[in-house]
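Peer 1: Pasting the sequence and the predicted coordinates here, then a few questions.
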Amino acid sequence: MEQQAGVAPAPGGDGEVGYRGVTACHAVGISYRQLDYWARTGLVVPSVRDASGSGTSRLYSFRDLVVLKVVKRLLDAGVSLQNIRRAIEALRSRGVEDLAGITLISDGTSVYECRSPEEVVDLLQGGQGVFGIAIGGAFKEIQGSLSTLPAEPADSSGRAGEESAESPSTESVGDELAARRARRRAG
């Protein structure tokens, strides 16, 4: 098998390749010093091959590079390395080994895990749940609700509404709704 410079097959013969530290730094946009520090402190440990003494080099998988890029983006967003480390440790303590499959959101201070379109969890507050509002979802809900409700023309003086509010007749309201629905369908 032909090897590219800086790339070696992973141990175990599964054909996975590894990227040397210098290549990882260029791909992610970090310094070698950062990469080395993060590996030595356990923030992002190379999964293909860790350094095992003098003369050996670390080899990072593609997924490792993705995690490194996420760490860099969080740093660029203003999240402290300490908070990034705590967030990643919280994920790992839950048994989440494949960090590349996680969506993280940050406000520059805290780090949130997006578990689904409806569920976001603050990783720095011990898994405290927060919520998000999908504006598109709310838009569709309101559209659906309004499709069965009457609407008033904007240029109406409001008097007809006042009169019907004073003496509502269920029969006339039903007829009015039916007439509006028919006009809407005819359109």
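Peer 2: Structure's in. What do you need?
Peer 1: which helices and strands does whichever strand in the chain runs longest pack with?
Peer 2: Of all the segments of type strand in the chain, defined by DSSP state E, the longest one is strand 111-116. For strand 111-116, the packing partners by 3 or more C-beta pairs under 8 Å, 6 or more residues apart in numbering; DSSP states H and E come out as helix 81-93, strand 103-106, strand 119-122. No exception for glycine: its C-beta is placed from N, CA and C like everyone else's.
Peer 1: average model confidence for it?
Peer 2: Mean per-residue pLDDT for strand 111-116: 78.
Peer 1: Stretch 25-45 too?
Peer 2: Stretch 25-45 comes out with an average pLDDT of 92.
Peer 1: May I see the buried residues of it?
Peer 2: By 16 or more other C-beta atoms under 10 Å, the buried positions in stretch 25-45 come out as 25, 28, 30, 34, 35, 38, 39, 43, 44.
Peer 1: C-alpha coordinates for that stretch, CSV please?
Peer 2: The C-alpha atoms that make up stretch 25-45 are tabulated as CSV, following Å, rounded to 0.1, in the frame of the first residue of the first chain:
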residue,chain,number,x,y,z
CYS,A,25,-1.9,21.8,13.2
HIS,A,26,-2.1,23.0,9.6
ALA,A,27,-5.5,21.4,9.0
VAL,A,28,-7.0,22.8,12.2
GLY,A,29,-5.2,26.1,12.4
ILE,A,30,-3.5,25.7,15.8
SER,A,31,0.1,25.8,16.9
TYR,A,32,2.1,22.7,17.6
ARG,A,33,2.5,23.9,21.1
GLN,A,34,-1.3,23.9,21.6
LEU,A,35,-1.6,20.5,20.1
ASP,A,36,1.1,19.1,22.3
TYR,A,37,-0.3,20.6,25.4
TRP,A,38,-3.8,19.4,24.6
ALA,A,39,-2.5,15.8,24.1
ARG,A,40,-0.3,15.8,27.2
THR,A,41,-3.2,17.1,29.4
GLY,A,42,-5.8,14.6,27.9
LEU,A,43,-8.0,17.2,26.2
VAL,A,44,-7.6,15.6,22.7
VAL,A,45,-5.6,12.5,22.7
